[in-house]
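J.: Compute the structure for the input listed below.
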Amino acid sequence: MEILKEKYKDYFLIGAAVNASTIRTHGELIKNHFNSVTCENEMKFSNLCHREKDYQFDKADTIVQFAKDHELKMRMHTLVWHNQVPEWVFLDTTKEGLEERLSNHIHTLGKRYGTYCYSVDVVNEAIEDKSDGFLRESKWFQGLGNDYIERAFLLAKQEMPEVKLFYNDYNETNPMKRDKIFKLIKELKEKGIPVDGIGMQCHINIYHSSMDELKEAIEKYLSLGVSLEITEMDVSMFRYEDRSEILKPTMEQYKAQARVYKECFQIFREYKNDITSVTLWGVTDDVSWLNHFPVSNRRNWPLLFDEMMKPKEAFYEIMNF
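T.: Numbers count the residues shown, from 1 in each chain. Below is the predicted model of the structure:
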């Protein structure tokens, strides 16, 4: 069988989101086919620090060591997000106190892991996409105002001067959301804030029929003079609003998935000089986050390898052109 990372060695890094369990259960597949990894959850605030000043690094350290042992590059995910933040961060604190907690967190992760990472999602999903509003009114926004994004990037640059700093978001090709992301990064760049790139998550589904919006988004973002990374790709068997369940996809669904993967990778390859890495959000279908979201315990089959760690039609489609 051909090796995924070898096929794309002249294009971009091929990554996978991993966790402390999958590096054991799926370690051979990870090290054989991928040359980049992202911690799925282990570097998020709530996973590292349930109690103030009590960081627990064991799981993240294990993944970093796995990457070092097998010469895999690492992305850091994520420093500032509205989800998976421990409650203590926002309790009983002034604006100055919240700024200090933000600063301490970025300092801690930068010092411990910055040396091993080629890029970091500094701020994740800060754009509002459920209304006409611009920035999501998260607790970070409520506590620090617009400045929290600027401050996060400046702090990250200070702590990790050699690491590429990314803004990361989903629905990034939707024209309305795309234009808001463009506006945010443009404003930050004009202020001299060190944003090196935009992370396009690329959570899509088999009904994604047109690639025009993907190319338009790539072109628009590149006009800002930034790099791009595909950071969390998977291709769901369901539309987001679909709450139905199936026992197994049909052949037509597998073929549709393979087509979407192929068309996306064709576009990614066109922009190989601007796209640093393409990361799949998971390793195999049995460990995908989509088996639990947005419908709890509903099976999904969104990745290139099936539950038995065997390559699917989508794998062969992106390998054979």
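J.: next one: stretch 19-35 to chain centre, how far?
T.: 17 Å (Cα atoms, centre = their mean, to the nearest Å).
J.: So which residues of the stretch 101-250 of the chain form helices?
T.: With DSSP state H, counting those that start in this stretch as the definition, the stretch 101-250 of the chain shows helices at residue ranges 139-144, 147-159, 175-190, 212-222.
J.: Check which residues of the third one are buried.
T.: Looking back up the chat, that one is helix 175-190. Lys177, Arg178, Lys180, Ile181, Phe182, Leu184, Ile185, Leu188 (16 or more other Cβ atoms under 10 Å). To be clear about C-beta, it is placed using only N, CA and C from the backbone, and glycine gets the same treatment.
J.: Kindly reformat the helices of the stretch 101-250 of the chain as a markdown table containing mean pLDDT and distance to Lys310.
T.: Below are those laid out as a markdown table (pLDDT from 0 to 100; distance: least, Cβ to Cβ, whole Å):
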| stretch | mean pLDDT | distance to Lys310 |
| --- | --- | --- |
| helix 139-144 | 97 | 42 |
| helix 147-159 | 97 | 39 |
| helix 175-190 | 97 | 35 |
| helix 212-222 | 97 | 28 |
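J.: Turn these into a markdown table, including distance to Asn47.
T.: Written out in a markdown table, the entries for those read as follows (distance: least, Cβ to Cβ, whole Å):
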| stretch | distance to Asn47 |
| --- | --- |
| helix 139-144 | 18 |
| helix 147-159 | 18 |
| helix 175-190 | 26 |
| helix 212-222 | 29 |
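J.: With respect to Ser103, which of those helices lies nearest?
T.: Each of the helices of the stretch 101-250 of the chain was scored for nearness to Ser103 using Cβ to Cβ, and the closest is helix 147-159 (5.7 Å).
J.: elements contacting that closest one?
T.: Of the remaining helices and strands, those touching helix 147-159 by 3 or more Cβ pairs under 8 Å, 6 or more residues apart in numbering; DSSP states H and E are strand 73-80, helix 95-113, strand 117-124, helix 139-144, strand 164-169, helix 175-190.
J.: The helices of the stretch 101-250 of the chain: which one's closest to Asp132?
T.: With Cβ to Cβ, the closest approach to Asp132 among the helices of the stretch 101-250 of the chain belongs to helix 175-190: 8.9 Å.
J.: CA atoms of that closest one as CSV?
T.: Taking Å, rounded to 0.1, in the frame of the first residue of the first chain, the C-alpha atoms of helix 175-190 are listed here in CSV:
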residue,chain,number,x,y,z
PRO,A,175,-19.2,33.8,2.2
MET,A,176,-20.6,35.6,5.2
LYS,A,177,-18.3,33.9,7.7
ARG,A,178,-15.4,34.2,5.3
ASP,A,179,-15.8,37.9,5.0
LYS,A,180,-15.8,38.3,8.7
ILE,A,181,-12.7,36.3,9.1
PHE,A,182,-11.1,38.4,6.4
LYS,A,183,-12.1,41.6,8.1
LEU,A,184,-10.7,40.4,11.4
ILE,A,185,-7.3,39.3,10.0
LYS,A,186,-7.0,42.4,7.9
GLU,A,187,-7.6,44.7,10.9
LEU,A,188,-5.1,42.8,12.9
LYS,A,189,-2.5,42.9,10.2
GLU,A,190,-3.0,46.6,9.7
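J.: That helix: how far from the chain's middle?
T.: Relative to the centre of its chain, helix 175-190 is centred 18 Å away, using Cα atoms, centre = their mean.
J.: For the helices and strands packed on helix 147-159, give me CSV that also has distance to Phe305.
T.: Written out in CSV, the entries for those read as follows (distance: least, Cβ to Cβ, whole Å):
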stretch, distance to Phe305
strand 73-80, 20
helix 95-113, 27
strand 117-124, 24
helix 139-144, 36
strand 164-169, 24
helix 175-190, 30
